[in-house]
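Undergrad: Pasting the sequence and the predicted model now:
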Amino acid sequence: MTWRRNGPYFQLRLMKGEEIQAALAAFVKARRLKSGALIGLGAAEQIELGYYNRHRREYVRRRFRGEHEIAALVGNVAWDGKEPVCHVHAVISDRKCAAFAGHLFRAKVAATCEVSILPGTRRLSRRVEPATGLKLLQL
C-alpha cells in the first residue's frame with residue numbers, strides 16, 4: 001500500500017494481492033485513527049459479500065469468483081477493544097455490469113483499490129447489542 005495525507009483526509013492505494021479489510025485495519029491501527037469515514041473504488045477478486053438475516057441473526061454469505069469492478073466501497077472506522085473495525089459495504093459489478101452489493105467480508109485487490117479515509121476526532125467503539133446480535137456503533 002502507498003498513501004498520502006491530503007488535507008483533512010488520507011488517500012490510500014492498495015496494491016494487487018492485498019486483502020482489503022486487513023490492509024484498511026492495519027492502516028487505521030498503525031496511524032492510531034480514532035474513527036472515520038471511508039469511501040473507495042477499484043477492482044477485486046476472491047470477494048465475499050454478505051446480507052444480514054435479522055430473524056436468524058446470521059449473515060448469508062456469497063462468494064464471487066473472478067475479477068469484479070468495485071463500483072463503490074463505503075464504510076466507517078471504529079474500535080472493538082484494542083482492534084480497529086472497518087465496517088465496509090461494497091457494490092461490485094461483473095463483465096455484464098450486473099451489480100451485487102453487501103457487507104464486505106473479504107476481497108483481494110485485482111488491479112488497484114483507491115480508498116479515502118476522513119479521520120474523526122473522537123474515538124468510537126462498537127459493542128454487541130442484544131436486540132440485533134450485531135456489533136453496533138456506540139455514539
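TA: Perfect, thanks for sending it.
Undergrad: In terms of pLDDT, where does residue 59 sit?
TA: According to the prediction, residue 59 has pLDDT 96.
Undergrad: buried ones in whichever strand or helix holds residue 12?
TA: Taking DSSP states H and E as the criterion, residue 12 maps to strand 9-15. Judged by neighbour count using 16 or more other CB atoms under 10 Å, the buried positions of strand 9-15 are 9-10, 12-14. Every C-beta, even on glycine, is put in place using the N, C-alpha and C of the backbone.
Undergrad: thought residue 78 was touching residue 124?
TA: Yes: between residue 78 and residue 124 there is a contact at 4.2 Å, judged by CB atoms under 8 Å.
Undergrad: Not counting its neighbours along the chain, what's nearest the most centrally placed residue in the chain?
TA: The centroid of the chain falls nearest to residue 88 when counting by CA atoms, centre = their mean (3.0 Å). Spatial nearest neighbour of residue 88, chain neighbours left out: residue 75 (3.6 Å); criterion: CB to CB, 6 or more residues apart in numbering.
Undergrad: give me the number of residues near that neighbour?
TA: Residue 75 has 22 neighbouring residues, counting by other CB atoms under 10 Å.
Undergrad: who touches it in this structure?
TA: Residues counted as contacts of residue 75 (CB atoms under 8 Å, 6 or more residues apart in numbering) are 37-39, 86-89, 104.
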